[in-house]
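Q: Sequence first, predicted model second:
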Amino acid sequence: MRWWVLTIASLFCACPFTGLQDVAAQGTSADTAQFTARVYTNTRGETMPYRLFVPAKYDKTRRYPLVLWLHGAAGRGTDNLKQITGGNALGAGVWTRSENQENSPAFVLAPQAPDTALWANRGGSEVTQSLRLALEILEALRKEFNVDAQRIYAAGQSMGGGGVWDLLQRRPDLFAAAVPLCGPTDVNTAAKIANIPVWVFHGEADKTVTVAASRRMVEALRAAGGQPKYTEYPGVGHPVWEKAFLEPELVLWVFAQKRAAKP
C-alpha cells in the first residue's frame, strides 16, 4: 500500500529513533582498493579518518563533481574501512562503478565518525564535531583538487540520512542535491532547504526509523514550495539502501542536478 492512501493521523505519529543499527547487505561490497585511506588533522589537533575516491583520469584543468557519503551507525569507528564496506558498501560504491564514472567522473568522500558519535544534532544550534570535521575535509579537498562548486552532493543512510538532513539546513548554500535514506528529520528546517533537490528513500516497514519521519519531511518540503522526489518501498524494513542504490535512474538524476552559480 502506498503511503499517500494511509490515514492523515499516521503522518503525524511520533518518530522513535533508538538502537541505530545497519544491516549488512548480502553479497555486496565497495571496491575498497579504489578508495585511498587518509586521515585529516585540523589546527586544533582534531582528527578524522576518511576514504577518498579520485576519478581515474583526473585532470586538474577540469572541474569534477563530488559526492559526500555519510555512513550509517555500523560504519562508525577508527578503522577507516567500515564506512565503505558491509551495509555501507552500496552507498559508497554506487558512484564509483565504471559505467557511472564513464558518464560522470566524480570524487567520492567518505569520512568516518567515531564510535558512539552522531552526524546530526537535530534541533540543536551547534553542529556536531563529526559533521563539522566532515565539512572541513570537504573544504580542504576543494583546495587540493578542482571540484565543481555547482555540483557537490550529499548522500547518507540511517544515521547518515539524518546527517544529510542536518547538513542541508546548516549549509544550504553548498549542495546541488542530496539523497537521504531512512534518516530522522527535523521538519522545522523544511523552509530553509526546500529549494534543494532531494530524493528521499524509506521502507514502509522500517522499525528502526519510522517511515513517518520521511513522510512528514516530504510533506513539509512540499508545503514550503519544494519538489522532493520520494520513494517508499512497501514491506521493506530499515536496510532500504539495498533497493535504493539499485534504482537505475538515481545516479543519473543526482549528477544532472546543478546549483546556480553565485552572481
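A: That came in fine, so what should we check first? Residues are numbered from 1 along each chain as shown.

Q: now the strands for the stretch 1-150 of the chain?
A: Applying DSSP state E, counting those that start in this stretch to the stretch 1-150 of the chain gives strands spanning 35-41, 47-53, 64-70, 107-111, 147-157.

Q: Now residue 193, what are its backbone angles?
A: phi -120, psi 10 (degrees, to the nearest 10).

Q: which residue packs closest to it, ignoring adjacent ones?
A: residue 168 (4.4 Å; CB to CB, 6 or more residues apart in numbering). To be clear about C-beta, it is placed using only N, CA and C from the backbone, and glycine gets the same treatment.

Q: That neighbour falls within a helix, correct?
A: Yes. Under DSSP: H, G, I helix; E, B strand; the rest coil, residue 168 sits within a helix.

Q: I figured it hits residue 177, correct?
A: No. Residue 168 is not in contact with residue 177 according to CB atoms under 8 Å; the separation is 9.9 Å.

Q: if you count what's nearby, which of those two comes out ahead?
A: residue 177 (23 against 20; other CB atoms under 10 Å).

Q: Pretty sure the more buried one sits against residue 250.
A: No. Using CB under 8 Å, residue 177 is not in contact with residue 250; the gap is 10.7 Å.

Q: Now do the shared contacts for those two.
A: residue 199 (CB atoms under 8 Å, 6 or more residues apart in numbering).

Q: confidence score at residue 17?
A: Model confidence at residue 17, given as pLDDT, is 34.

Q: and what of residue 83?
A: 98.

Q: Repeat that for residue 260.
A: 85.

Q: Repeat that for residue 125.
A: On pLDDT, residue 125 comes in at 89.

Q: Residue 30 now?
A: 60.

Q: And for residue 122?
A: The model reports residue 122 with a pLDDT of 88.

Q: I figured it was touching residue 187, is that so?
A: No. With contact defined as CB under 8 Å, residue 122 does not reach residue 187; the gap is 10.3 Å.
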